[in-house]
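Colleague: need a structure here:
(4 chains)
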There are 2 protein chains.
Amino acid sequence: MKETGVKDRILDTASRLFYEQGYHVTGINQIIEEADIARASLYHHFISKTELLLAYLDRSHEAWFRELEDFMRPVEGARERVLALFDHRIMRQSRPNWKGCNFNKIAAENSGDEQVLERVKRHKGRFRTYIRTLVSEAPHKRVLDDEQLADMIFLLLEGATVAGAMFRSYEETEKAKKIVESFL
Amino acid sequence: MKETGVKDRILDTASRLFYEQGYHVTGINQIIEEADIARASLYHHFISKTELLLAYLDRSHEAWFRELEDFMRPVEGARERVLALFDHRIMRQSRPNWKGCNFNKIAAENSGDEQVLERVKRHKGRFRTYIRTLVSEAPHKRVLDDEQLADMIFLLLEGATVAGAMFRSYEETEKAKKIVESFL
DNA sequence: AAATGAGTAGACTAGTCTGTCTACTGTCGC
DNA sequence: GCGACAGTAGACAGACTAGTCTACTCATTT
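Modeller: Residues are numbered from 1 along each chain as shown, chains lettered A, B, ... in the order given. Below you'll find the model as predicted:
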């Protein structure tokens, strides 16, 4: 009797290793050993390592937005909701095993695979849209228009995530939050 | 009679491949073949592949700031000099083979090597300092203080570079420039 | 003339990589 | 009972990995 299904165990292990170590340095051998499954079982569920990567990205995408929406649900007030975007990131970055954005990491390692790039773009695009709707509901000092403010928030968050991963801290995100606060 | 020295040819080729394809997917065999040198020559000049990576980072660091300073030299006026930071990036991103920031790409692929991380941090730290001095000379609407404005510019540039690499465009950097223009 | 060092070609070690395949076991539905 | 299916272990193929080493050439310096 297994606690979790084989397919889940493969995807869990691969996800962890792809994120912690990187895609290319993670070999099939390591995945099957740490997931404690047979080699043929992996290739039964996923036709190739690339397919496993795509499954990882798809699942991360869903999980990421589910977590964001869970975080945002109790937050009230348009201004507070915009600022909560930063708190959400700070919460993620506070986790001891946080190592940067899953999608940025894979995108940086990726050389040419359009299917991979497409998923990264979809993820970032959807988040950009999410910011845009929050901004349109929030009142702000109109030194920038809605579109520009949304761009600014998106770019600040993206920058703070990259810098945060490098310096292993979330203070960049806190700085970004204070900057945006000046305009709300 | 060789046009260029062997060591330069190794470093040129490795740099190109590390940047275009990524570090881990680039093998020693490909480097020696494309640089058209003997295997032993590579290990004569660089004791390991890691050492070659560090040499690539060091040379990129120097070249990057040399290029930035060349770009900034003719720019006059404190306000113009701040904005030129964005123009410099746009120029770089306009190049057909631009694929993102060398340092961010290597950092994303890196899993644990402190020497690599240290070089990336040094590069980003020095640029952050460079921005800070430009900002301190420039007059601006004091909705943010100097320190915050420098942070904002740094994070916007970082975000625009990552997003630009993903969407293969420099419009994010142009947007970032317009945003900053509103505060000068 | 001898020595040094930069360069060459390529064999070699010892291991890793992804992916395929065979042969087997246990469980479930019919 | 029997077939289908999810799972196991592990051999295997073929290619690639970083790095070492030998044996050689050529040019410059001492």
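Colleague: which positions in chain A make contact with DNA strand C?
Modeller: Residues of chain A lying near DNA strand C by Cβ under 7 Å from any atom of the strand: A:26-30, A:39-40, A:43, A:47-50. The way it works is simple: take the backbone N, C-alpha and C, and place the C-beta from them, glycine included.
Colleague: which among those residues end up buried?
Modeller: With neighbours counted using 16 or more other Cβ atoms under 10 Å in any protein chain shown, these contain these buried positions: A:26, A:49.
Colleague: just the residues of chain A next to DNA strand C that are near DNA strand D?
Modeller: For DNA strand D, the contacts drawn from the residues of chain A next to DNA strand C by Cβ under 7 Å from any atom of the strand are A:39-40.
Colleague: just curious, which of the residues of chain A next to DNA strand C is nearest to residue A:95?
Modeller: Closest approach to residue A:95 among those (Cβ to Cβ): residue A:26, at 20.4 Å.
Colleague: ok, now which ones touch that closest one?
Modeller: Contact partners of residue A:26, counting by Cβ atoms under 8 Å, 6 or more residues apart in numbering or on different chains, are A:14, A:17-18.
Colleague: would you list those in JSON lines and tack on neighbour count?
Modeller: Shown next, in JSON lines, are these (neighbours: other Cβ atoms under 10 Å in any protein chain shown):
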{"residue": "A:14", "neighbour count": "25"}
{"residue": "A:17", "neighbour count": "19"}
{"residue": "A:18", "neighbour count": "24"}
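Colleague: name the element residue A:76 belongs to?
Modeller: Under the criterion DSSP states H and E, no helix or strand holds residue A:76.
Colleague: in JSON lines: the residues of chain A next to DNA strand C, plus pLDDT and secondary structure.
Modeller: What follows is the residues of chain A next to DNA strand C, written out as JSON lines (pLDDT from 0 to 100; DSSP: H, G, I helix; E, B strand; the rest coil):
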{"residue": "A:26", "pLDDT": "97", "secondary structure": "coil"}
{"residue": "A:27", "pLDDT": "96", "secondary structure": "coil"}
{"residue": "A:28", "pLDDT": "97", "secondary structure": "helix"}
{"residue": "A:29", "pLDDT": "96", "secondary structure": "helix"}
{"residue": "A:30", "pLDDT": "97", "secondary structure": "helix"}
{"residue": "A:39", "pLDDT": "95", "secondary structure": "helix"}
{"residue": "A:40", "pLDDT": "94", "secondary structure": "helix"}
{"residue": "A:43", "pLDDT": "96", "secondary structure": "helix"}
{"residue": "A:47", "pLDDT": "94", "secondary structure": "coil"}
{"residue": "A:48", "pLDDT": "96", "secondary structure": "coil"}
{"residue": "A:49", "pLDDT": "97", "secondary structure": "helix"}
{"residue": "A:50", "pLDDT": "97", "secondary structure": "helix"}
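Colleague: tell me the contacts of residue A:136?
Modeller: So residue A:136 contacts residue A:146 (Cβ under 8 Å, 6+ apart).
Colleague: what's the spacing between it and residue B:40?
Modeller: Using Cβ to Cβ, to the nearest Å, we find residue A:136 at a distance of 64 Å from residue B:40.
Colleague: ok, now residue A:20?
Modeller: Going from residue A:20 to residue B:40 by Cβ to Cβ gives 36 Å.
Colleague: report the residue ranges of every domain in chain A.
Modeller: A:1-46, A:56-181 (automatic domain parsing).
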